[in-house]
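**Student:** Here you go, sequence then predicted model.
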Amino acid sequence: MDTAPEASLPPGLRALQRLVTALIVVMILGFLVLIGAFVMRLNREGPPLPDSLDLPEGARPTAFTQGGDWLAVVTADDRILIYDRLTGRLRQTLKVD
């Protein structure tokens, strides 16, 4: 029976093989952490919003933004309507010149 001696890697290549394997493991773990962060972020509830906002007659909304305790609706006729976040009550109207 012929037995060929097992070929072993040189020490430099063996170290490189370990480094590549470690890099693969770290990349897989990092990718799993990234996916977990996205899942947690997307499943989080947003800030409380009122069920509806009563816009003045003829107001057509073109933009929406929100702050700490207020919501703002920009209308097509260059007004900014500021509402209370929790109650949905109109707080202030600003005319943009």
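**Tutor:** Ah, there it is. Everything numeric here is computed off the predicted structure, so don't read it as measured data.

**Student:** what residues are up against the nearest residue in space to Lys95 that is not next to it in sequence?
**Tutor:** Among residues not flanking Lys95 along the chain, Arg79 sits closest, at 5.8 Å (CB to CB, 6 or more residues apart in numbering). Using the backbone N, CA and C atoms, a C-beta is placed for each residue, glycine as well. Neighbouring residues of Arg79 by CB atoms under 8 Å, 6 or more residues apart in numbering: Ala59, Thr93, Leu94, Lys95, Val96.

**Student:** does the first one count as helix, strand or coil?
**Tutor:** Using DSSP: H, G, I helix; E, B strand; the rest coil, the structure places Ala59 in coil.

**Student:** I'd like the distance between Leu23 and Gln17.
**Tutor:** 11 Å (CB to CB, to the nearest Å).

**Student:** tell me the strands in this structure, going along the chain?
**Tutor:** 61-66, 70-75, 79-84, 90-95 (DSSP state E).

**Student:** Can you redo those as TSV, where the extra columns are distance to Leu42 and mean pLDDT?
**Tutor:** Conversion of the strands of the chain to TSV gives the following (distance: least, CB to CB, whole Å; pLDDT from 0 to 100):
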stretch	distance to Leu42	mean pLDDT
strand 61-66	19	93
strand 70-75	22	94
strand 79-84	26	94
strand 90-95	31	94
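
**Student:** unless I'm mixing things up, Gly88 is touching Ser52, no?
**Tutor:** Yes: with contact defined as CB atoms under 8 Å, Gly88 reaches Ser52; the gap is 6.5 Å.

**Student:** re earlier: give me the buried subset of the contacts of Arg79.
**Tutor:** Among the contacts of Arg79, those scoring as buried are Ala59 (criterion: 16 or more other CB atoms under 10 Å).

**Student:** where does this structure dip in pLDDT?
**Tutor:** Scanning the chain for pLDDT under 70 picks out 1-6.
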